[in-house]
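Engineer: coords please:
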Amino acid sequence: AYLNALKTKISNQITALLDVVATKSETDLVEDFSSRLPLFTLCEILGVPAEDRDKFLVWMHYLEQAQNLAYQQQLGTLEINDGLMKFVGDFNANVSEMFEYGQRMLKARRANPQNDLMSAIARAQIDGELLSDEYLDGSWLLIVFAGNDTTRNTLSGTMKLLTEFPDQKAKLAANPSLLPGAVDEFIRMVSPVIYMRRTATKDVEVGGQQIAEGEKVVMYYGAANRDPAMFADPDRLDVTRANASKHIAFGFGPHVCIGKRVAQIQLEESYRQILSRFPRMEWTGEIEVAPNNFVYAISKLGVRVG
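Structural biologist: Have a look, this model is predicted:
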């Protein structure tokens, strides 16, 4: 029942966002759509009041810009000037505001719980004890970060894929019932998270490779999701691929991403409406990918609305 109600809200928000897109001949899909839908959905799940939601867009902007500056610093190309110093001041102020907002919300939910995820986090217990403040901060922020970047970049990346594979776009337009399976294929191809790293707790052999206790092990999602041993012709989009759901973009087993179904709902409903309302929408070739080694961060995607 909760997911059905959330799906209706998501569908209505998609329609509202696409109403704005419809007024333009060309637009940046990230700015007008992909960056906005996941934050709306996350705010709905967390229970963030409507009047506070624009703050999240601002906070995400500063966090993304900080990542870009960190990359420039690593390359040795970061220029120290008045503009940078102003950004640093603004960034610190916004991060403080973000943490203070979360702390205020969580305390309010402990005192007066609602039917939302923020209340569940605020009242969660381990061994009979409520979570400490540092864990409270980390829990709600992790959900915002994890649920925003991944869905946003898959929404944008899917438009690029459908432009690159027009025959597959035509199949979906002719038969929208293929969308549930196609969504898994979109996620497989985009693989919005680049890698995860873990530390081996004991000596082990995996696939003929010896790994010693204490060594760092990196798993690249894109490599797994385009493994030719699992996916035939892995670099080709196939909206009818029978085993597309075998991708591991959401993880696997007991640690599978808790937001998996919500992400799928957003992608499926978004492209159901986009293909219906804008069958000629296509990527213009304009794309900007922010320097980020952890997520495939599409910061701009030009589209012709059609």
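Engineer: neighbours of the residue nearest to residue 205 when sequence neighbours are not counted, just the number please.
Structural biologist: Leaving aside its sequence neighbours, residue 205 sits nearest to residue 211 (Cβ to Cβ, 6 or more residues apart in numbering; 7.1 Å). No exception for glycine: its C-beta is placed from N, CA and C like everyone else's. Residue 211 has 15 neighbours, counted by other Cβ atoms under 10 Å.
Engineer: any weak-confidence spans in the stretch 101-250 of the chain?
Structural biologist: Under the criterion pLDDT under 70, no range of the stretch 101-250 of the chain is flagged.
Engineer: residues contacting residue 133?
Structural biologist: Residue 133 makes contacts with residue 103, as judged by Cβ atoms under 8 Å, 6 or more residues apart in numbering.
Engineer: try 10 Å
Structural biologist: Counting by Cβ atoms under 10 Å, 6 or more residues apart in numbering, residue 133 touches 99, 102, 103, 106, 107.
Engineer: list buried residues within those residues.
Structural biologist: 102, 106 (16 or more other Cβ atoms under 10 Å).
Engineer: return the closest of the contacts of residue 133 with respect to residue 19.
Structural biologist: Nearest to residue 19 among the contacts of residue 133 is residue 102, at 31.4 Å by Cβ to Cβ.
Engineer: can you give me the strands in the stretch 1-150 of the chain?
Structural biologist: Ranges of strands within the stretch 1-150 of the chain are 26-28, 125-126, 129-130, based on DSSP state E, counting those that start in this stretch.
Engineer: run through who's touching the first one.
Structural biologist: Put plainly, it is strand 26-28. 20-21, 33-35, 156, 281, 284, 286, 288, 299-306.
Engineer: all helices for the stretch 151-300 of the chain, in order.
Structural biologist: Along the stretch 151-300 of the chain, counting by DSSP state H, counting those that start in this stretch, helices occupy 166-174, 179-190, 221-225, 260-277.
Engineer: looking at those helices, which is nearest to residue 76?
Structural biologist: Per Cβ to Cβ, nearest to residue 76 of the helices of the stretch 151-300 of the chain: helix 221-225, 27.7 Å.
Engineer: one step back: pick the one among the contacts of residue 133 closest to residue 11.
Structural biologist: So of the contacts of residue 133, ranked by how close each gets to residue 11 (Cβ to Cβ), first place is residue 102, at 28.0 Å.
Engineer: returning to what we had before: can you redo the contacts of residue 133 as CSV with distance to residue 26?
Structural biologist: Below are these laid out as CSV (distance: Cβ to Cβ, whole Å):
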residue, distance to residue 26
99, 38
102, 37
103, 42
106, 42
107, 45
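Engineer: quick check, nearest of the contacts of residue 133 to residue 42?
Structural biologist: residue 102 (12.7 Å).
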